[in-house]
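Undergrad: Let me see the structure of the following:
(one chain, ligands or ions: 1)
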Amino acid sequence: MYTIGAEEVEAVRRVIESGQLFRYRGGEGGETDKFEAEWSEKIGVKHTIAVTSGTAALACAVVGLGIGPGDEVIVPAYTFMASALAALMAGAVPIIAEVDESLTLDPADVERKITPRTKAIMPVYMNGWPCDMDAIMAIAAKHGLKVVEDACQADGGSYKGKRLGSIGHTAGFSFNQFKIISCGEGGAMTTNDDAAYERALIYHDGGCCFRAHAAELGVEFFAGSNFRTNEILSAILRVQLTRLDGILAGLRAEKKTIVAELSGESAFSFNPVRDPDGDCGSSVALLFESADAAKSFQQRLSENGVGSSCPIDSGRHVYVNWEPILNQHGAHHPKLDPFKLADVPVQYSEDMCPRTLDLLARTICLGTWPTRSKDDLMDMISKVKKAARGVISS
Ligand SMILES: Cc1ncc(COP(=O)(O)O)c(C=O)c1O
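TA: Numbers count the residues shown, from 1 in each chain. Here you go, the predicted structure:
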């Protein structure tokens, strides 16, 4: 979250004073319905369902496509574990594929991981970086697969002129504290597919069959859950949405300056970005020859008071740390465990994606900030240059 203030406070006050906090049973046409319409317009999709988290949004996105036990969903080895959890929530198993230098899903490895059980590919826009969606959509079309976009870290980003979350068959966004726009905890599922929307609508609201819109649904009801959001969170998100393009412009401007200023440095190269114009701009990734060189640079940066992150140290974002998944504990009860329901046993090991581990250890990420002053930015850049010149390269 980059900006929040008086407008959000005023929006929350308005909802509380109205006494209508629930999105249904009197809340129809209110903040949540309006946010969904506004988000659909921003992203360029037919349907949005606002939910309680990005994880819930992704689960809706997978369930909406009718994916379930016996099915496999390909996810990248570098993502928050929630991408894999969403497949499990639907009853399917995650199959873990390598990322390439862009630190997003490697299309070549996706193709290697396809089996007769594969139903979907889940590209993840880590740090707001677009994936190679042309390649991923082509692979999906060739093999008759669905694409579920994990746009949780990429609210508002785009790929070749289309907003992320409008390219695949379904998508999930997150609005938790650490995302580009936020209401503390929240998410949204998007799709152009009417049936996927209706199934997700039922799944996200266990009381769906009692709602006024129930009679309009064309798919059969099933037992859902409850990932409904509320009017307070939606009111916050409506204000946050008005800030989105300004935040992205600020992040992108910073990234552009950083890339231009550092482009002559020889200690590192830039991790390729699949569409620099659509990149959210929230992170600049620098790729070193070796993990030692990356660490030495990070150490020197820190001595100069500049914060940075090495993706291999990000814990929850690296598959080797997804303990419940690697141990194949896929549910609270064995009879609901997707790993036990799988037609063919899944094989995982800590060394199954060596290229990802190597790339993550050789990368250092610099953060951007939309409201940082030009002087502070240039000061940071000069410290980065200084740190780069003393890097031990072996
Ligand atoms: C790539 C990715 N996918 C999914 C999620 C899940 O989002 P949430 O925390 O809102 O459930 C996150 C959030 O951290 C994420 O970064």
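Undergrad: Point out where the stretch 101-250 of the chain drops to low pLDDT.
TA: For the stretch 101-250 of the chain, no stretch has pLDDT under 70.
Undergrad: where does the protein come near the ligand, residue by residue?
TA: Residues of the chain lying close to the ligand by CB under 6 Å from any ligand atom are 53-55, 79-80, 82-83, 124, 150, 152-153, 174, 176, 187. In short, each C-beta sits where N, CA and C put it, glycine included.
Undergrad: Mind doing that once more with 5 Å?
TA: By CB under 5 Å from any ligand atom, the part of the chain that sits against the ligand consists of 53-55, 79-80, 82, 124, 150, 152-153, 174, 176.
Undergrad: Looking at those, which are in helices?
TA: The members of these that map onto helices under DSSP state H are 54-55, 82.
Undergrad: and stretch 343-361, which residues are buried?
TA: Residues of stretch 343-361 classed as buried: 346, 348, 352-353, 356-357, 359-361 (neighbour count, 16 or more other CB atoms under 10 Å).
Undergrad: Closest one to Ile312 out of the residues of the chain next to the ligand, please.
TA: Thr79 (13.8 Å; CB to CB).
Undergrad: I'd like the distance between the closest one and Ala151.
TA: Separation of Thr79 from Ala151 (CB to CB, to the nearest Å): 12 Å.
Undergrad: Can I get the ones in helices among the residues of the chain next to the ligand in JSON lines including distance to Leu233 and pLDDT?
TA: Below are these laid out as JSON lines (distance: CB to CB, whole Å; pLDDT from 0 to 100):
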{"residue": "Gly54", "distance to Leu233": "13", "pLDDT": "98"}
{"residue": "Thr55", "distance to Leu233": "15", "pLDDT": "98"}
{"residue": "Ala82", "distance to Leu233": "18", "pLDDT": "98"}
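Undergrad: What sits closest to the residue in the stretch 251-394 of the chain positioned nearest to the ligand if chain neighbours are left out?
TA: Per CB to the nearest ligand atom, His317 is where the stretch 251-394 of the chain lies closest to the ligand, at 7.4 Å. Nearest non-adjacent residue to His317, counting by CB to CB, 6 or more residues apart in numbering: Phe80, 5.6 Å away.
Undergrad: Now do the same contact list for whichever residue of the chain sits closest to the ligand.
TA: The ligand sits closest to Gly54 of the chain, with a gap of 2.5 Å, by CB to the nearest ligand atom. Residues counted as contacts of Gly54 (CB atoms under 8 Å, 6 or more residues apart in numbering) are 82, 150, 152, 172-176, 179, 187.
Undergrad: right, and the helix or strand after the longest helix belonging to the chain?
TA: Longest helix of the chain, by residue count under DSSP H: helix 231-262. Using DSSP states H and E, the next helix or strand after helix 231-262 towards the C-terminus is strand 269-270.
Undergrad: and that following strand, what does it pack onto?
TA: Contact here means 3 or more CB pairs under 8 Å, 6 or more residues apart in numbering; DSSP states H and E; on that basis strand 269-270 packs against strand 283-287.
Undergrad: average pLDDT for the helix or strand just after the strand it packs on?
TA: The helix or strand immediately downstream of strand 283-287 is helix 291-303, counting by DSSP H and E. For helix 291-303, the mean per-residue pLDDT is 96.
Undergrad: Could you report the neighbour count for the closest residue to the residue of the chain closest to the ligand other than its chain neighbours?
TA: The shortest distance from Gly54 to any non-neighbouring residue, by CB to CB, 6+ apart, is to Ser174 (2.6 Å). Residues near Ser174, counting by other CB atoms under 10 Å, number 29.
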